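Chemist: Predicted model follows, preceded by the sequence.
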Amino acid sequence: MLDLIRIRNNPQAVVDALAKKGYKADFTQIIAWDDMRKSLITDVERLKAQKNKVSGQIPVLKRAGQPVEPIFEEMRKLGEQIADSDAKINELIENINSALAAIPNIPDDDLLPGEKENNKVVKVVGEPPKFDFTPKNHVDMCTDLGLIDYERGVKLSGNGFWIYRGLGARLEWALLNFFIDEHLKDGYEFILPPYQLGYDCGFGAGQFPKFSDEVYWLDCDEDRKRNRFMLPTAETALVNMYAGEIIDEAKLPMKFFAYSPCFRKEAGSARAEERGMIRGHQFNKIEMVQYAHPEHSMEAFEELVEKAAGLVEKLGLHFRVSKLAAGDCSASMARTYDVEVWIPSMGIYKECSSVSNANDYQARRNNTRYRDIKTGRPQYVHTLNGSGLATSRLIPAIVEQFQNADGSVTVPEVLRKYMGGIERIEK
RNA sequence: GGAGAAGUCGCCUAGUUUGGUCGAGGGCGCGCGACUGGAAAUCGCGUAAACGCCAAAAGCGUUUCAAGAGUUCGAAUCUCUUCUUCUCCGCCA
């Protein structure tokens, strides 16, 4: 949610900034509504003040034994006028809010405009492995080694689901354990959130109303506001934990990470090149979230990027970090860097972490504030999130990048202690 | 899932029977000040948010007693709906 005062103060600046995201903003209607709201409020508040004053007289007159009935008729008329104006004001507020809620976040100044083609690689670590044999793709590797059972996953739940088996399950769990330990070392608090969330969480995170069709709903009431959905990422939970609260400034930054499966419809995105576990309806992810003071959110952002990249690096994988152009950042985000891991069989880098700063966009939507020590006033926090990391993109990278001529896979060293010391996965 | 009780200012609590100077009293906590060499104790003062006048401060006004709707000239107080919590029962990992 954007700040209406900011829009009012300089609409053109906001229009220009949003244009970088490819969003055509026009605030004339919103501002007109807000103008109407303001003038109505001034009027109706004058009426209310008058009503309160007269109302306060009634007990005094009564006590003095004076007649009060004559006043009632006038008061009734006043009351009708007030109810009338209040209804209009509420309608205007609703209009304004739903219009504001549909507008994406303002991208940071330093972002390039445009889409993917303007993403900029800011860091490359390692290089693509060279094989002196014909490398296999991850689907074949995982199937041959018995790590993943794609066929039976489909049998159980349909396309987009798989079963982790045996060492595959242990590898998955080892990755998660490795990430958990690393985040604990960095002083992040471990959170296990509910996997079913209410509508407000989706709204607060900025995913609803626009993307409410991309999650799985558990109930089918006509009004989704009373229903729950399966979380598409733990961010949706973490970012709403303090909704409506005022946090002590001294507590900032607050740092969390959560494990959760993520459930996504991914409608219409089934593509031949995204076989295996590159894109599924359910995948595991550790998500990092920080609540930061606005003056320090950029540092928090850098920290999260470093952490995400550091994890991939410790695994020994070849990857790169890209700074996304304004139009490639999601609607809620002011700034996003992707950590992309090399998938040899596809010949491309695939996102395994996306680190973003929402600035105050989410905090405004779900009313998460801190109390400023100097002024004593509540201010919106900045919320940041980043995967740390999503395993479903890493297992393909690991089995492909670390495959050997005999069809085995070398287990990254940092994972071995979580897998009973196994160094190599073979048939 | 069934039956009952309850949700008041950071926390605890008064007020709900008898609707009207109740936006709301008291205690704790917290902040400031006095006393003290310093501290404790004591005493005094203060103690929410949103919105509007307004870009900001001061000030004034409006709104907010779980949320929403209703009755009424007037609702913390009466009615309805929803949510949450607690107790008992049922069911279960």
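Modeler: Thanks, I have the structure now. Numbering: from 1, shown residues only, chains lettered A, B, ... in the order given.
Chemist: What would the helix or strand harbouring residue A:365 look like as PDB? C-alpha coordinates only.
Modeler: In this structure, residue A:365 sits in helix A:361-366 according to DSSP states H and E. Provided in PDB are the C-alpha atoms of helix A:361-366 (Å, rounded to 0.1, in the frame of the first residue of the first chain):
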ATOM      1  CA  TYR A 361       4.600  -1.400   1.500                       C
ATOM      2  CA  GLN A 362       3.700  -4.500   3.500                       C
ATOM      3  CA  ALA A 363       3.800  -2.700   6.800                       C
ATOM      4  CA  ARG A 364       1.200  -0.200   5.600                       C
ATOM      5  CA  ARG A 365      -1.000  -3.000   4.400                       C
ATOM      6  CA  ASN A 366      -1.000  -4.800   7.700                       C
END
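Chemist: Give me the contact list for that helix.
Modeler: Defining contact as Cβ atoms under 8 Å, 6 or more residues apart in numbering, one finds that helix A:361-366 is touched by A:1-3, A:101, A:105, A:200, A:203-206, A:239-240, A:243-244, A:332-334, A:368-369, A:380-383. (Each C-beta comes from the backbone N, C-alpha and C, glycine too.)
Chemist: So which of those residues reach RNA strand B?
Modeler: Contacts with RNA strand B within the contacts of helix A:361-366, counted by Cβ under 7 Å from any atom of the strand: residue A:369.
Chemist: before we move on, back to that, next SSE after the helix holding residue A:365?
Modeler: strand A:369-371.
Chemist: For that following strand, name the packing helices and strands.
Modeler: strand A:246-248, strand A:378-380 (3 or more Cβ pairs under 8 Å, 6 or more residues apart in numbering; DSSP states H and E).
Chemist: Give me the sheet partners of the following helix or strand past the first one and which way each runs.
Modeler: It stands for strand A:246-248. Per DSSP H and E, the first helix or strand lying C-terminal to strand A:246-248 is strand A:254-263. Applying DSSP bridges to the sheet, strand A:254-263 is found paired with strand A:189-191 (parallel), strand A:282-292 (antiparallel).
Chemist: average pLDDT across strand A:254-263?
Modeler: Mean pLDDT, strand A:254-263: 95.
Chemist: Count the neighbours of residue A:8 for me.
Modeler: 14 (other Cβ atoms under 10 Å).
Chemist: what number of residues lie near the nearest residue to residue A:11 once chain neighbours are set aside?
Modeler: Nearest residue to residue A:11, sequence neighbours excluded (Cβ to Cβ, 6 or more residues apart in numbering): residue A:27, at 4.7 Å. Per other Cβ under 10 Å, the neighbour tally for residue A:27 reads 21.
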